[in-house]
Every structure is written in structure tokens, then in C-alpha cells.
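K.L.:
Turn this into a model:
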Amino acid sequence: MIAIHPDLRDKTVLVTGGSRGIGAATARAFAEQGARVCVVGRDATALDAVVAEITLAKGTAMYTIADVTDAAALARAHKEVVDEFGPVHVLAAFAGGQGRAVPTPDLTEERWREVLDCNLTSAYLTIRTVLPGMLERGSGAVVTMSSTAGRQPEEVNLAYAVANSGLVMMTRQLATEVGPRGVRVNCIAPSTVLTEKVRAHMPVAIQERVAAIHPLRRLATPEDVAHAALFLTSDASSYLTGLTVDVSGGRVTG
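P.N.:
The predicted model follows:
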């Protein structure tokens, strides 16, 4: 692939949720630009496969195991990548999930806390781990992962909607706070993405029905989201911060 963002070459990029789906596609995309990529997750086999694929394509990658809801584990992961690749220039905080619809009366307190931790607290802890180094150097780019479920009502559980809405405001607040110190923070909000999980669990007929409500008449691919991440963390978007970009095929969100 011809590099379209040459300024990303030799940058150190940390991608959470990088074992599969959007995170894995994003890790591959950054590696194709010549960046040094560290993927973070809990599934060593899946992470190893992502790194092997990048390495086979002549890219530079490593992985580290961490639960992104555990501050100590994130600190250890951050030290590993800094020791191996140097300071982190780009953070893609993409870990999350658990959006399956549950009626609110059936949404237990335990499940509520689990979903918020998985999506919102994990992003906060990851950013808090990496941000000090960026601020010290006076440069860096962060991209968070929300969802159309954080932009308008969807068929998801209440905790997931609230967490993703929180990610949008976290991005705006943080961008305002750290912009004067040279760090940019933006957010991506995809609609339904045709990941391995969606292919496995969503029947083709439903895929087609969901695609039909989007003006572009297709579902997003992980690569669609990855390309947005490249743009938002490259010099091509050097005057953009605090934005949420809807990777939603023209389906307008609130």
C-alpha cells in the first residue's frame, strides 16, 4: 500500500481492542503507513495472529496483554511498549462492546457497571495512562471509539448508549483541556460494522435490511473505520480536535 499519511511513519501507535475487528484493522492500517504498532487486548492467540499478519507484510508490531479496566495492567502495558518502541505518539482507544439490547427493567446494577467500565472507564484509564507523556512532549493524537448508539437511540442496552454518549463528551472536554498543550483528541462513531462477529451472528437478510437504511446502502467495514482513524491522527487533520466523526454511510445522527 502506498503511504497516504507519510507523517505517521516511525510513529509509535497504541491500539486497544486490537485483537480483532475494528481494532485489528486499525493496527494493520497504521502499520501499512510505516508506524510501529502495539496492539493491546486479553486474547493472546488473537493478538499474536494480528502481529504475525503485520510482520508478514513487512510491518513492525508487538502485542501486550492487559485488561483495559485495570489501571495497573495498563501501566505495565504502557511501559512495555515504551521500552520496545519508544514514546507513544498516537493512541487509538478502541476497546469496548457489550451493546446487546436488554430491557432497562432487566438491566442489573452489575451489568450496568460492567458495560460502563468496558466502554467508558476503559477509555478514561487508557488515556490517563498515555496522556502524561504526550503532554510532556507537547504533541500527540488520541482517537476514541463511540458509536451511533451514543448519538441517537438505537436497539442497544441503556448502559451502552450512555457510555457511548459519554465518550463523545469525554472527547470534547479533553480536547478543550489539552489542545493548548499540543495534543489533539477526536472520536469516531461508526454505525453497524461488518466485523467477524457481525458476520457470524447477524443473518444475511438482516445485514441487508440494516444496510438499506444507510444512504450508501451498505454496512461499514473495519477498514472504513481504520481509514478515519488514520486521518484523525495524521497531519492531514492537524487543525481538527474535539470532533466526533460519524462513519455511518450517510445516516445522519444527532
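
K.L.:
who touches the spatially closest residue to residue 46 that is not a sequence neighbour in this structure?
P.N.:
Closest residue to residue 46 apart from its sequence neighbours, by CB to CB, 6 or more residues apart in numbering: residue 19 at 3.8 Å. Every C-beta, even on glycine, is put in place using the N, C-alpha and C of the backbone. Counting by CB atoms under 8 Å, 6 or more residues apart in numbering, residue 19 touches 39, 41-43, 46-47, 50.

K.L.:
at 6 Å instead, please
P.N.:
Contacts for residue 19 were tallied using CB atoms under 6 Å, 6 or more residues apart in numbering; they are 41, 43, 46-47.

K.L.:
do you know how far it is from residue 222?
P.N.:
12 Å (CB to CB, to the nearest Å).

K.L.:
And the strands in the protein, which stretches?
P.N.:
Shown for the chain, the strands assigned by DSSP state E span residues 12-16, 36-41, 60-65, 90-93, 140-145, 183-190, 244-247.

K.L.:
closest one to residue 104 among those strands?
P.N.:
Of all the strands of the chain, the one in closest proximity to residue 104, counting by CB to CB, is strand 183-190 (22.2 Å).

K.L.:
C-alpha coordinates for the closest one, CSV please?
P.N.:
In CSV, the C-alpha atoms belonging to strand 183-190 read as follows (Å, rounded to 0.1, in the frame of the first residue of the first chain):
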residue,chain,number,x,y,z
VAL,A,183,-2.5,17.2,22.0
ARG,A,184,-5.5,16.6,19.7
VAL,A,185,-8.4,14.3,20.7
ASN,A,186,-11.1,13.2,18.3
CYS,A,187,-13.8,10.5,18.3
ILE,A,188,-15.2,8.0,15.7
ALA,A,189,-18.8,6.9,15.9
PRO,A,190,-19.5,4.0,13.5
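
K.L.:
on that earlier part again, okay if I get the strands of the chain as TSV plus mean pLDDT and mean neighbour count?
P.N.:
Below are the strands of the chain laid out as TSV (pLDDT from 0 to 100; neighbours: other CB atoms under 10 Å):
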stretch	mean pLDDT	mean neighbour count
strand 12-16	97	28
strand 36-41	97	28
strand 60-65	97	20
strand 90-93	97	28
strand 140-145	97	26
strand 183-190	96	25
strand 244-247	93	20
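
K.L.:
Minimum distance to residue 81: which of those strands has it?
P.N.:
Between the strands of the chain, strand 36-41 lies closest to residue 81; by CB to CB that is 4.1 Å.

K.L.:
Filter the contacts of residue 19 down to the ones in helices?
P.N.:
Counting by DSSP state H, the contacts of residue 19 place 46-47 in helices.

K.L.:
Quick one: buried ones out of the contacts of residue 19?
P.N.:
Applying 16 or more other CB atoms under 10 Å to the contacts of residue 19, the neighbour count classes 41, 46-47 as buried.

K.L.:
Kindly indicate which of these lies nearest residue 151.
P.N.:
Taking CB to CB as the measure, residue 151 lies nearest residue 41 of the buried ones among the contacts of residue 19, at 25.8 Å.

K.L.:
What separation do you get for the closest one and residue 65?
P.N.:
7 Å.

K.L.:
Quick check: pLDDT value at residue 249.
P.N.:
For residue 249, the pLDDT comes out at 86.

K.L.:
now residue 1
P.N.:
On the pLDDT scale, residue 1 gets 52.

K.L.:
still on that earlier bit, can you redo the strands of the chain as CSV with distance to residue 176?
P.N.:
Shown next, in CSV, are the strands of the chain (distance: least, CB to CB, whole Å):
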stretch, distance to residue 176
strand 12-16, 23
strand 36-41, 27
strand 60-65, 31
strand 90-93, 18
strand 140-145, 13
strand 183-190, 9
strand 244-247, 14
